[in-house]
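> The following comprises the amino acid sequence and a computationally predicted model.
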Amino acid sequence: DNEEGIVYTVKAQKGQTEIFNGIETNTYGYNGSFLGPMLHFEKGDKVKIRTINELDEETTFHWHGLEVSGEADGGPHDALQPGEEKVIEFEVTQEASTLWFHPHPHGKTAEQVYNGLAGLIYIEDDNSKSLGLPNDYGKNDIPLIFQDRIFDDKHELNYNAAMNDDGTVGETLLINGTLNPKLTVNQEKVRLRLLNGSNARNYTFKLNTGDSFVQIATDGGFLNAPVTLNEVTLTPSERAEIIIDFSQFNAENDLALINEDGYVLLPFEISDQNGVNSEIPGELNDFTLTEEEKNLPVTKKVELFGMMDMVEINGKKFDPERIDFTQQQGVTEVWEIYNKPDMMGGMIHPFHVHGAQFKIISRDGEAPPQNERGWKDSFSIKPDETVKIAIQFKHKGVYMFHCHILEHEDNGMMGQVKVE
Ligand code: C2O
Ligand code: CU
Ligand code: CU
C-alpha cells in the first residue's frame, strides 16, 4: 500500500570505478560511482524522490520520458548547487515502459552524462504484469545501456579533451558501464531493454546470424503487437524492448548482437539450460492514433538546422529567458518537425520533448514504420525529412524540446514550451 508514497533518495556523486582491470577511473554516478540505481514504479504510485547534489558543480535531475509537472522535470531551470537537495513528488500516471534519468544543467549536460550520470526507470502496470512476458530481472529480462567513450592514456574520461561539438563519439563501448561484457542466457526467450545512452552515436542492432527478433515496446510503452525485425536503430536517448528467442540456439552457436558495421556489441553465451520460455502474446497494448488526431492542423513548426556549435531551432539558439511555444494542458496539438539540410547535406538529429509521450503521425507524409506505432518521446529525423507528431501534456510547466545529441543540446539546439 502506497499511502506514504514510494520514497527514493537519489544522490549525484563523484567516485572511482574499476572499468579497466586494476585501474580506477574517476567517474560520476547516482548512489554509487558509475551510472545509477534502477527506479521501479507502478502506475498509480505516488512517488517522492529526495534528490541530492554531492558533486562540486551544479546539476539537475531529469526524468526522461516521465509525464510530470515542469517543476519536477529537472530541466536546466532546476539547478541544484553543490550540497543542495530537493524533494520532488509526482504520481505515476503513464503505462508500463522503460524510461531513464540523467542530469540537464545548462551547458553541462553532455559532460555530466559522459562522466557516468544515467539511470533507468521501470514502470509496471496491470497490463505488463498480466502479459506473461519474460520478467525475471537479470535472467530473461535484461536492461542494456549502450554508451561509447574515449579514455585517455591514463584511462581517464577526459571530456574536454575528447569533446567534439558535433557529439562526442568514442571507440570504447561500455554496456551498463562494463567493458567487453558477455551475456549468459538460457535457451528461452529473453527480453532486452535497449537504451542508447550515448552522447551522439547511433546504433543499429542486429544478430550476427541474421536471425530475426521481435520488438515489443517503444520509448513509452508496448506496441500493439510484437513486430518482427532483422534490425532496429536507436539514436541517442531512444529505447526499444526486444525479445530474442534463444530456444532455437544452443551452446555451440556463436551468437552476438552486432552493429551496422558488423562490430560485435554483445556476445551471448548460451547455456544448456532450457529456461521458462514463455509465449509472447499477439496482443500487447491498445495504442491508437485516431483519425481526428491525424487530421488536426499543424499548430507548431520546429525547424532543426546546423552542425557543430552552429546548431539552432527555428533560427535561434536556446535562451533560458525565452519561451518559444505555449500549449494548453490536456490539449492535443500537432507539431511538425523539419530537419533542414545545410550545404554539406546535413545530419540526423534525435529530437526529444520533455514531459510527454507523443505519437508519430507521419514521416514525409507516410505512416511511420510498425515499430514506431507506439508512445515515443524521442525519434530520429534525417536531413530534409518532415515528421508530424500528436502531442499532449498532462501537466503544467516549462518543458524543453531539443536535439538529444547532447553536445548539440548544450550548444543551444533547444527550445522551451510553456504548458498552462
Ligand atoms: Cu534525455 Cu532533455 O533529455
Ligand atoms: Cu528528457
Ligand atoms: Cu543534433
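Perfect, thanks for sending it. Ligands and ions are numbered 1, 2, ... in the order given.

> Could you say which helix or strand holds the one residue in the stretch 201-350 of the chain that gets nearest to ligand 1?
Nearest residue of the stretch 201-350 of the chain to ligand 1, counting by Cβ to the nearest ligand atom: residue 237, 4.8 Å away. Placement of C-beta: from N, CA and C, glycine included. Take DSSP states H and E as the rule and residue 237 turns out to sit in neither a helix nor a strand.

> swap in residue 219?
Using DSSP H and E, residue 219 falls outside every helix and strand.

> Give the residue spans of the protein that score low on pLDDT.
Along the chain, segments meeting pLDDT under 70 span 1-5.

> try 90
Applying pLDDT under 90 to the chain picks out residues 1-7, 251, 272-278, 343-344.

> Phi and psi next, for the nearest residue to residue 367 once chain neighbours are set aside.
In this structure, residue 367 finds its nearest non-sequential neighbour in residue 373, 7.8 Å apart by Cβ to Cβ, 6 or more residues apart in numbering. Phi and psi for residue 373, reported as degrees, to the nearest 10, are phi -90, psi 60.

> got a list of what residue 373 touches?
223, 224, 287, 289, 360, 367 (Cβ atoms under 8 Å, 6 or more residues apart in numbering).

> Now for the residue lying closest to the fourth one once chain neighbours are set aside, how many residues are close by?
Sequence neighbours aside, residue 359 is the residue nearest to residue 289 in space, at 5.0 Å (criterion: Cβ to Cβ, 6+ apart). Residues lying near residue 359 (other Cβ atoms under 10 Å) number 24.

> repeat for residue 211
Residue 211 has 14 nearby residues by other Cβ under 10 Å.

> and whichever strand or helix holds residue 417, what other elements does it pack with?
Assigned by DSSP H and E, residue 417 belongs to strand 414-419. Contact here means 3 or more Cβ pairs under 8 Å, 6 or more residues apart in numbering; DSSP states H and E; on that basis strand 414-419 packs against strand 325-327, strand 397-403.

> quick one, which of these is nearest to residue 42?
Residue 42 lies closest, by Cβ to Cβ, to one member of the helices and strands packed on strand 414-419: strand 397-403, at 23.6 Å.

> what angle sits between that closest one and strand 414-419?
150 degrees (axes from the mean of the first three to the mean of the last three Cα atoms, to 10 degrees).

> quick one, what contacts the closest residue to ligand 2 within the stretch 251-400 of the chain?
Residue nearest to ligand 2 within the stretch 251-400 of the chain (Cβ to the ion): residue 354, separated by 4.5 Å. Listed by Cβ under 8 Å, 6+ apart, the contact partners of residue 354 are 62, 64, 73, 75, 399, 400, 401.

> on that earlier part again, quickly note the distance from the residue nearest to residue 367 to residue 363.
According to Cβ to Cβ, to the nearest Å, residue 373 and residue 363 sit 12 Å apart.

> Any residues of the stretch 251-400 of the chain in contact with ligand 2? List them.
Residues of the stretch 251-400 of the chain lying close to ligand 2 (Cβ under 5 Å from the ion) are residue 354.

> swap the cut-off to 6 Å and go again
352, 354 (Cβ under 6 Å from the ion).

> ok, then the element right after the longest strand along the chain?
Scanning the chain for the strand with the most residues, using DSSP state E, yields strand 6-20. Counting by DSSP H and E, the next helix or strand C-terminal to strand 6-20 is strand 23-30.

> then that next one to CSV, C-alphas only?
Taking C-alpha atoms only, strand 23-30 is exported to CSV below (Å, rounded to 0.1, in the frame of the first residue of the first chain):
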residue,chain,number,x,y,z
ILE,A,23,42.8,0.7,-12.6
GLU,A,24,40.5,3.2,-11.0
THR,A,25,38.9,5.8,-13.3
ASN,A,26,37.3,9.0,-12.0
THR,A,27,33.6,8.9,-12.7
TYR,A,28,30.2,10.3,-11.7
GLY,A,29,27.3,8.2,-10.6
TYR,A,30,23.9,8.2,-8.8
